[in-house]
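Enquirer: Give me a 3D structure for the following:
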Amino acid sequence: MSEDREQEQGGAREDAARPSSAAARRERRASARPAGRKGRSGEPGSAGADSARTTESKGRPTPSRDGRQGRVSLFRKIGRFLREVVAELRKVIWPTRKALATYTLVVLVFVSIMVAFVAGVDVLFAKGVGWLFGSG
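Expert: Below you'll find the predicted structure:
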């Protein structure tokens, strides 16, 4: 569980009780965990006991979503979409000018070769159909 969710569930916790360093957070998490893992103790009923303890410690159920606002406006949806697009574009590793020129040249050469190949096959088929059915 993340620290944020843990803080939300606690509700009335004070800021002084919140760990201020990563080491303090690790220590706090370790103290909240049971000492052994499920099924490691060798006892046949230990796994059931662990799951019962886990169920008891979960606390309140997930709140329903009835309290949320109903529909989101179209402008908010568009704004969120544009923010996400900009965020994704920031993650893109853009090619250098030299790499871009190389990629463009490779694509142009490949396309011209494929055009020549298709044109050659077309001419061969045209000649074959002309020979088979006769021209004229």
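
Enquirer: The top helix by length along the chain packs against which elements?
Expert: In terms of residue count, the longest helix belonging to the chain (DSSP state H) is helix 97-133. Packing partners of helix 97-133 (3 or more Cβ pairs under 8 Å, 6 or more residues apart in numbering; DSSP states H and E): none among the helices and strands. C-beta here means a position set from N, CA and C on the backbone, and glycine is covered the same way.

Enquirer: Give me the mean pLDDT for it.
Expert: Average pLDDT, helix 97-133: 96.

Enquirer: In that helix, which residues are buried?
Expert: For helix 97-133, the neighbour count (16 or more other Cβ atoms under 10 Å) marks no residue as buried.

Enquirer: Use 727 as the first number from now on
Expert: Right, with 727 as the first residue, what we last looked at is helix 823-859.

Enquirer: Please identify the helix or strand for E753.
Expert: helix 748-758 (DSSP states H and E).

Enquirer: for I819, same thing?
Expert: Under the criterion DSSP H and E, no helix or strand holds I819.

Enquirer: now it: how far from A825?
Expert: Separation of I819 from A825 (Cβ to Cβ, to the nearest Å): 10 Å.

Enquirer: can you check F807 too?
Expert: Look at F807 and A825: by Cβ to Cβ, they are 30 Å apart.

Enquirer: With R786 instead?
Expert: Look at R786 and A825: by Cβ to Cβ, they are 55 Å apart.

Enquirer: packing partners for the helix holding E753?
Expert: Contacting helix 748-758 under the criterion 3+ Cβ pairs under 8 Å, 6+ apart is no other helix or strand.

Enquirer: what does the average pLDDT come to for that helix?
Expert: 77.

Enquirer: can you tell me which residues contact S799?
Expert: Shown in contact with S799 (Cβ atoms under 8 Å, 6 or more residues apart in numbering): no residues.

Enquirer: Now it, what are its backbone angles?
Expert: Per-residue torsions, S799: phi -70, psi 160 (degrees, to the nearest 10).
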